[in-house]
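Peer 1: 3D, please:
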Amino acid sequence: MLIWLALPAVGANHNAPPVQPATSFAAVEVHEKEQVAIAAEPYDTREKESIFRVDYLGHGVMPVRLIVTNNGDKPISLRDARILFQTRAGDRIQAAAPEDVERLMTRKEREGGRIPMPGPIPTIKLKPKASNQDIEEDFNQFEYAALVVEAHTTRAGFLFYDVSKLDDPLRGSKLHLHMLMDADGHELFYFEIPFDKYVQAKSTQMN
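Peer 2: Predicted coordinates:
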């Protein structure tokens, strides 16, 4: 038993899902004239969030996968984009940075616990449930980072939102995007993607 406790945990496969067009997802808004489609896919179950190193849901953080498909002939820019989680009450939440997530975790969770042993046997240190390094690695690997979406291309990545103060955070909420620019520097019409579309599709699949 002591040997088992001392062994490091076997790492899971932390791989992002394959990139698919935004129109493949339930919660999507399509702007036909601008030839852009944007989808939002919440990772709201333990099974889905198992790709990460950290249990974000357990700390009140909702990972949301952003999928941007540009079907036009010119690139679009998200360099100045504002991508906000809008609650059903109308409040808008900015995406969290790694340090925001770290603040939501207790020191014990970040540093790991200890099991005192009798006599001369040294104390066994348990692997942290979630470390600052785990969070930073997740953000480096998964966070949405494409500042430009090229013509006829789909880019995807995750944003993380602190919903710890919300009950049933997805119902009635939206992902609100504005300040997206076309190749000529003109702002695209804003996107509002209702999470209710995702909730309804998920409910249909379960029935």
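
Peer 1: contacts, neighbours, all on C-alpha from now
Peer 2: Will do.

Peer 1: Show me what the spatially most central residue of the chain bridges to in the sheet.
Peer 2: When the chain is reduced to its mean C-alpha position, the closest residue under C-alpha atoms, centre = their mean turns out to be residue 63, at 2.6 Å. Taking DSSP bridges, one finds residue 160 as the beta-bridge partners of residue 63.

Peer 1: Going along the chain, name the strands of this protein.
Peer 2: Ranges of strands within the chain are 28-31, 36-42, 61-70, 76-77, 82-86, 92-93, 114-115, 124-125, 148-149, 153-162, 174-178, 191-194, based on DSSP state E.

Peer 1: and the ones you listed as CSV, adding distance to residue 48 and mean pLDDT?
Peer 2: Putting the strands of the chain into CSV (distance: least, C-alpha to C-alpha, whole Å; pLDDT from 0 to 100) gives the following:
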stretch, distance to residue 48, mean pLDDT
strand 28-31, 19, 98
strand 36-42, 9, 98
strand 61-70, 10, 98
strand 76-77, 29, 97
strand 82-86, 19, 98
strand 92-93, 22, 97
strand 114-115, 30, 46
strand 124-125, 29, 49
strand 148-149, 25, 98
strand 153-162, 13, 98
strand 174-178, 19, 97
strand 191-194, 20, 97
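
Peer 1: thought residue 23 was touching residue 35?
Peer 2: No. Here residue 23 does not reach residue 35: they are 11.8 Å apart, not a contact under C-alpha atoms under 8 Å.
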